[in-house]
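Visitor: pasting the sequence and the predicted model now:
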Amino acid sequence: MPMLKDPSKKYKKFQPLDIPNRQWPSKTIDKPPRWLSTDLRDGNQSLVDPMDGEQKFQYFQMLVQLGYKEIEVSFPSASDTDFYFTRRLVETPGIVPDDVWLQVLSPCRPELILPTVKSLKGAKKAILHLYLATSPCFQKTVFNMNNGQSKAKAVECTKYARSLTKDDPSQAGTEWAFEFSPETFSDSDPNFVLEVCEAVKEAWGPTEENPIIFNLPATVEMSTPNVYADQVEFFCRNISEREKICVSLHPHNDRGCAVAAAELAQMAGADRVEGTLFGNGERTGNVDLVTLALNLYTQGIHPNIDFSDITSVINVVEKSTKIPVHARAPYGGQLVVCAFSGSHQDAIKKGFQRRKLEGAKDNDRWEIPYLPLDPQDIGRTYEAIIRVNSQSGKGGVAWIIQRTLDLDLPRGLQIAFSKIVQRQTDMLGRELLPVEIEKLFVEAYHLKKNPRFNLLDYEIQADRSSSPAPPEPGKTQSTRNLKRRFHGVVEIDGMEHQISGIGNGAISSLSNALKTLGVDFDVVDYKEHAIGEGKNVKAATFIECSTPFSEDKVWGVGIHEDVVQASLIALLSAASSFLSSRPSTPNPFRPIKRNSSDVPSRELSPASSPIDEKGELPSEPDAHSHIVDHLEKAVNGFTNGMRNGITVNGY
Ligand SMILES: CC(=O)SCCNC(=O)CCNC(=O)[C@H](O)C(C)(C)COP(=O)(O)OP(=O)(O)OC[C@H]1O[C@@H](n2cnc3c(N)ncnc32)[C@H](O)[C@@H]1OP(=O)(O)O
Ligand SMILES: CC(C)C(=O)C(=O)O
């Protein structure tokens, strides 16, 4: 039978509690609760293969290390594994720290309470936990008991438990605490719960120093979390001797609201929360202690639990439960700090850039779009924050290049390269790994090897002959405002060419020299930045050129220790892309035979040199000169000197 058209006959609407003067909505959570991990009991009892003693032992040690002070370690009457595991904890010196309470669970059945208490004999701090369902459904269906009988059973078992523990002189070495759970609390009559708990309280006899724990389980989550909060507030306000009571929560996640329920119910007055790491437990699980703790942390409240190494925690949990932590599990899931989509990546990247610009330290106020928690705080790196697939944009791609190659791409290059990446992700139909994106970039901009152009030799000199400003009488001419002459040997498609050109600086003079070979493009944008620091510093140069063949511009990238050389490499990188962008590429280059003399003494091929005897260009094609001018000024200091025999395509 598929879903019913009208489910109202089959499923009853939950009747909320009438508590008009509720206070919890205007409360906030200002401190962590007492935590109880029930991974080794409620978590364990719901596994396909419950943990063996050794797995429980490892898990217990992890819980202690994380900072849990109350740990429900077993259901000792269930199995030898649980009983002897509990004994092992008690008997192994140094395993249970003095401030850690061992908690064990038993139903209200005297024959099961006895071995349960025995399992803890000799423990330093022990919590005996009994449960009995109080809801009409359970009374009717499971126990065939009325209210009076249920209450009597709870009281009888509490008294029995007391006689075996705090009232037994042979147990004096143990500090005993007692927890009672009116199981199915959230589906019970709140007044009956109060009645049972008052009776149990009286039977146990708590003190302010050693309060009784009343654990109020949403054994099955049946309503919206605000209703659970109402129920908890009602209990907290109406139970007597509140100061002798620790109100505990035990939310299950049937409706997917366990975390919200636990939070609202703390606002309603609860002191303690029982749950499991990543929410393992019956059916849809217990409330997730990781989420609760890190929700507090991201509100600036330390939860007293240390998730600095969340990956190790996940490993232990997954190995022990054989249940993978969901990739989207809050905080811990593998994908929760990964952005694939362009606008998320762009915002995250800008967030990190701003943080860097402001010189923010690790501890400074965290304000990164889309990331509520600094992944480093839970032992994760920033590596996986941005991942690139067909949904990604330029920002994400630029982030990867920044992190892999330390290159801060100018916006135009980001756009150009992201198109290349987009084509690749579309073609492959999958995510591209950072190493693949890096390789794509290195190839696209010829960082390892320029396939067509190699600068073999060059010099750049101040060109006095073409200077418009003659020196003042009696003064030597300053080189500051002089034009530059590039003179060198460029290998193109395996053949060497001597070329010369004059321009406002290194880039324009090489650009003009290339024009003599038919490589006719204009530099329209230029950016450079340093990579690294100190002795190992390099210059990264990005040059954008317009071509007569298409609207699209070509980009070149050059990296070198020498800032001028980085620019020249970048220009040749663009030149290579320029050739590839041409509709047809007849080889326009005439080879020259290279002799062994120095570059300046070699004759340039007349056909390839537009420079007359005075060294002047017939026309100045410097449409881009204003853009490169500021660069030229910056690099003029580097332009003297020959660089013989160098190969400058190295990254
Ligand atoms: C909500 C929770 O998670 S509660 C914790 C649940 N955890 C577990 O049950 C794990 C460990 N359990 C076990 O190993 C076994 O169930 C045991 C050892 C507790 C009991 O085993 P058995 O004696 O074979 O009984 P069984 O498992 O069928 O339990 C059902 C019996 O317990 C009774 N019972 C159930 N809950 C309680 C309770 N809180 N107090 C008293 N009796 C209870 C049932 O009414 C039923 O009694 P009946 O046989 O007279 O009808
Ligand atoms: C024993 C109780 C606390 C329980 O596990 C539940 O009600 O879910």
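Guide: Thanks, I have the structure now. Ligands and ions are numbered 1, 2, ... in the order given.
Visitor: distance-wise, check the most centrally placed residue in the chain relative to residue 559.
Guide: Closest to where the C-alpha atoms of the chain average out (Cα atoms, centre = their mean) is residue 337, at 2.9 Å. To residue 559, residue 337 is 30 Å away according to Cβ to Cβ, to the nearest Å. Bear in mind the C-beta positions are built from the backbone N, C-alpha and C, glycine included.
Visitor: which residues touch residue 295?
Guide: 259, 263, 330 (Cβ atoms under 8 Å, 6 or more residues apart in numbering).
Visitor: if you rank these by neighbours, which is first?
Guide: residue 263 (24 neighbours; other Cβ atoms under 10 Å).
Visitor: so it is in which element?
Guide: helix 258-267 (DSSP states H and E).
Visitor: give me every residue in the protein lying close to ligand 1.
Guide: Contact residues, the chain versus ligand 1 (Cβ under 6 Å from any ligand atom): 42, 45, 75, 77-78, 107-109, 112, 131-132, 142-143, 183, 219, 282.
Visitor: need the max-distance pair from these.
Guide: Greatest spatial distance in the residues of the chain next to ligand 1: 42 and 143, 20.7 Å, computed using Cβ to Cβ.
Visitor: can you pick out the residue with more neighbours from the two?
Guide: Using other Cβ under 10 Å as the criterion, residue 42 and residue 143 rank with residue 42 on top: 24 against 14.
Visitor: so how far is ligand 2 from that one?
Guide: 5 Å (Cβ to the nearest ligand atom, to the nearest Å).
Visitor: number of residues surrounding the closest residue to that residue other than its chain neighbours?
Guide: Nearest residue to residue 42, sequence neighbours excluded (Cβ to Cβ, 6 or more residues apart in numbering): residue 281, at 4.8 Å. By the measure other Cβ under 10 Å, the count of residues near residue 281 is 28.
Visitor: residue contacts, residue 281?
Guide: 38, 42-43, 46, 252-253, 275.
Visitor: for the residues you listed, which one is nearest residue 552?
Guide: residue 253 (53.3 Å).
Visitor: the closest one and residue 291 touch, don't they?
Guide: No: here residue 253 does not reach residue 291: they are 10.5 Å apart, not a contact under Cβ atoms under 8 Å.
Visitor: anything in contact with each of those two?
Guide: 259, 279.
Visitor: what segments of the stretch 351-500 of the chain are helices?
Guide: For the stretch 351-500 of the chain, applying DSSP state H, counting those that start in this stretch gives helices covering 394-405, 411-428, 434-444.
Visitor: find out how far the shortest one is from the centre of the chain, if you would.
Guide: Relative to the mean C-alpha coordinate of its chain, helix 434-444 is positioned 23 Å out (Cα atoms, centre = their mean, to the nearest Å).
Visitor: quick one: mean pLDDT over it.
Guide: Helix 434-444 carries an average pLDDT of 97.
Visitor: ok and that helix relative to helix 394-405, angle-wise?
Guide: Helix 434-444 and helix 394-405 meet at an angle of 90 degrees, taking axes from the mean of the first three to the mean of the last three Cα atoms, to 10 degrees as the criterion.
Visitor: for the longest one, same thing?
Guide: Compare the direction of helix 411-428 with that of helix 394-405 by the same axes, to 10 degrees and you get 90 degrees.
Visitor: remind me what helix 411-428 packs against, helices and strands.
Guide: Judged by 3 or more Cβ pairs under 8 Å, 6 or more residues apart in numbering; DSSP states H and E, the packing partners of helix 411-428 are helix 394-405, helix 434-444, strand 538-546, strand 554-560.
Visitor: change it to 10 Å
Guide: Helix 411-428 is packed against helix 342-357, helix 394-405, helix 434-444, strand 522-531, strand 538-546, strand 554-560, with contacts defined by 3 or more Cβ pairs under 10 Å, 6 or more residues apart in numbering; DSSP states H and E.
Visitor: just put the ones you listed in TSV and tack on distance to residue 483.
Guide: Converted to TSV, the helices and strands packed on helix 411-428 look like this (distance: least, Cβ to Cβ, whole Å):
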stretch	distance to residue 483
helix 342-357	37
helix 394-405	34
helix 434-444	33
strand 522-531	16
strand 538-546	19
strand 554-560	22
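Visitor: export these to a markdown table and tack on mean neighbour count?
Guide: Output for these, formatted as a markdown table (neighbours: other Cβ atoms under 10 Å):
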| stretch | mean neighbour count |
| --- | --- |
| helix 342-357 | 17 |
| helix 394-405 | 23 |
| helix 434-444 | 17 |
| strand 522-531 | 18 |
| strand 538-546 | 24 |
| strand 554-560 | 25 |
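Visitor: residue contacts, the residue nearest to the centre of the chain?
Guide: 331, 348, 370-375, 378, 380-386 (Cβ atoms under 10 Å, 6 or more residues apart in numbering).
Visitor: run a quick neighbour tally on the residue lying closest to residue 376 once chain neighbours are set aside.
Guide: Among residues not flanking residue 376 along the chain, residue 362 sits closest, at 6.7 Å (Cβ to Cβ, 6+ apart). When neighbours are counted by other Cβ under 10 Å, residue 362 registers 8.
Visitor: state the pLDDT value of residue 362.
Guide: On the pLDDT scale, residue 362 is placed at 92.
Visitor: and the strands in the stretch 101-250 of the chain?
Guide: According to DSSP state E, counting those that start in this stretch, the stretch 101-250 of the chain carries its strands in the segments 101-107, 125-133, 175-183, 212-218, 245-251.
Visitor: now the last one and strand 125-133, what's the angle there?
Guide: Between strand 245-251 and strand 125-133, the angle formed by their directions is 60 degrees, by the same axes, to 10 degrees.
Visitor: let me see the mean pLDDT of stretch 571-586.
Guide: Per-residue scores along stretch 571-586 average to 77.
Visitor: with stretch 474-486 instead?
Guide: 74.
Visitor: ditto for stretch 69-81
Guide: 98.
Visitor: and the residue of the stretch 251-400 of the chain found nearest ligand 1, which of the three is it?
Guide: Nearest residue of the stretch 251-400 of the chain to ligand 1: residue 282, at 5.9 Å (Cβ to the nearest ligand atom). Counting by DSSP: H, G, I helix; E, B strand; the rest coil, the backbone at residue 282 sits in coil.
Visitor: tally of neighbours for it?
Guide: Counted with other Cβ under 10 Å, residue 282 comes out at 15.
Visitor: buried ones in stretch 309-318?
Guide: 310, 313-314, 316-317 (16 or more other Cβ atoms under 10 Å).
Visitor: contacts for it, please.
Guide: With Cβ under 10 Å, 6+ apart, stretch 309-318 has contacts from 39, 43, 55, 58-59, 61-63, 65-66, 276-278, 280, 290, 294, 306-307, 323-325, 329, 331-334, 375, 377-380.
Visitor: list the ones among the residues you listed that fall in strands.
Guide: Taking DSSP state E, every one of the contacts of stretch 309-318 sits outside strands.
Visitor: show me which of the residues you listed are buried.
Guide: So, by 16+ other Cβ under 10 Å, the buried ones in the contacts of stretch 309-318 are 39, 43, 55, 59, 62-63, 66, 276-278, 280, 290, 294, 307, 323, 325, 329, 331-334, 375, 377-378, 380.
Visitor: spell out which parts of this structure neighbour ligand 2.
Guide: Residues of the chain lying near ligand 2 (Cβ under 6 Å from any ligand atom): 42, 105, 131, 181, 183, 215, 217, 219, 250, 252.
Visitor: need the max-distance pair from the residues you listed.
Guide: Most distant of these, by Cβ to Cβ, are 105 and 252, 15.2 Å apart.
Visitor: coming back round to it: and which of the buried residues of stretch 309-318 is nearest to residue 171?
Guide: Each of the buried residues of stretch 309-318 was checked against residue 171 using Cβ to Cβ; the closest is residue 316, at 32.7 Å.
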